[in-house]
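Asks: sequence plus predicted model, see below.
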Amino acid sequence: MEERYNSFAGWCRRTYGRHLYRIALDAGMTCPNRDGTLGTAGCAFCAGGSGDFAVHYEGQRLKPEDFIYTNKEGKEGDYIAYFQSYSNTYDRPERLYHLFQSALSDPLFAGISVATRPDCISKDVLDVLAALKKEFPDRFIWIELGLQTVHEKSAERMHRGYRTEVFEECAAQLHELQIPVIAHMIIGLPDETPEDYYETVRFLNRMKVAGVKIHLLHFLKGTEFGDEYQAGRIRELTMEEYVGAVSECLARLAPDIAVHRLSGDGSGELLLGPEWSRNKKRVLNAIRHEMKVRGYVQGCLYEQE
Ligand code: SF4
């Protein structure tokens, strides 16, 4: 490991011999927390699916020049079609098949990464994924699931809309299809303690996820948590707290799990706080430094459960 943790960049180089760049796509989906199926307000931290820079996608052939926010130095096959906005399996199976098959057929992409919710992976969706896996044996299909926390109380407070056991079932089904799962978790949720974050990490170890994205809780305009933050009812983490918590989580994370992210994008103009999170580079450097000071590498406190 060139780094103190199993970074996505290092993992890509070891697995594919090169770096892979995500291209964020918006396939015009919605999600059950917004279309009225489970609610209309969305998760308490979410300002709308986190796809601000995503390119609208209907299955058209793409070129790196089509994107503003991505590295354009890559060659064909160096990019990942990242279905980012909202819940990207929340549509008719025929449409999902068309979208994913188009991206997997595009020589630009080495594979696809599909962000969604575990309660949006039906039997029909699993069938689509299984068929595509057979059709494209030399491309990868990853599923990103927004778990955020293992704790039901926090999940209820953020209106996640599904119980943790739904994640467990979904992860097991994807595992059976040999489709890697990348789980998202949030550090800094109201009333959660560091021990609560470690519980979430232990759960992800048990779920045998292939990757994690660790996000700081950002307070965004137009969200419930943003309003509570402005009213002084939720406090933000200091950078030191976040850096310390991430270091401890990485120490407990199984060493083979790739770390795809260690901080969220602050969503620019929508960000109410924490201000310090705007400087992503500084945060990442502080995490690396803290790991070194504590003598940690990823998994050094991992207990096989
Ligand atoms: S976080 Fe995902 S599931 Fe929750 S409201 Fe936003 S898009 Fe919907």
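Replies: Nice, thanks for sending it over.
Asks: quick one: the strands in the stretch 1-150 of the chain, in order.
Replies: In the stretch 1-150 of the chain, the strands defined using DSSP state E, counting those that start in this stretch lie at 21-26, 55-56, 79-83, 109-116, 140-148.
Asks: end to end on stretch 61-81, go ahead and measure it.
Replies: By Cα to Cα, to the nearest Å, the extent of stretch 61-81 from end to end equals 11 Å.
Asks: contacts for that stretch next, please.
Replies: Under the contact criterion Cβ atoms under 8 Å, 6 or more residues apart in numbering, stretch 61-81 has outside partners 18-25, 53, 55, 57, 103-104, 106-113. (Glycine included, C-beta is placed from N, CA and C.)
Asks: go back to these and keep what's next to the ligand.
Replies: Checking the contacts of stretch 61-81 against the ligand by Cβ under 6 Å from any ligand atom, not one of them is in range.
Asks: on that earlier part again, and the strands of the stretch 1-150 of the chain as JSON lines, adding mean neighbour count?
Replies: Shown next, in JSON lines, are the strands of the stretch 1-150 of the chain (neighbours: other Cβ atoms under 10 Å):
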{"stretch": "strand 21-26", "mean neighbour count": "21"}
{"stretch": "strand 55-56", "mean neighbour count": "15"}
{"stretch": "strand 79-83", "mean neighbour count": "25"}
{"stretch": "strand 109-116", "mean neighbour count": "24"}
{"stretch": "strand 140-148", "mean neighbour count": "23"}
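Asks: and those strands as JSON lines, adding distance to L62?
Replies: Shown next, in JSON lines, are the strands of the stretch 1-150 of the chain (distance: least, Cβ to Cβ, whole Å):
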{"stretch": "strand 21-26", "distance to L62": "7"}
{"stretch": "strand 55-56", "distance to L62": "7"}
{"stretch": "strand 79-83", "distance to L62": "8"}
{"stretch": "strand 109-116", "distance to L62": "8"}
{"stretch": "strand 140-148", "distance to L62": "17"}
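Asks: closest residue of the stretch 201-305 of the chain to the ligand?
Replies: Nearest to the ligand, among the residues of the stretch 201-305 of the chain, is T223, at 9.3 Å (Cβ to the nearest ligand atom).
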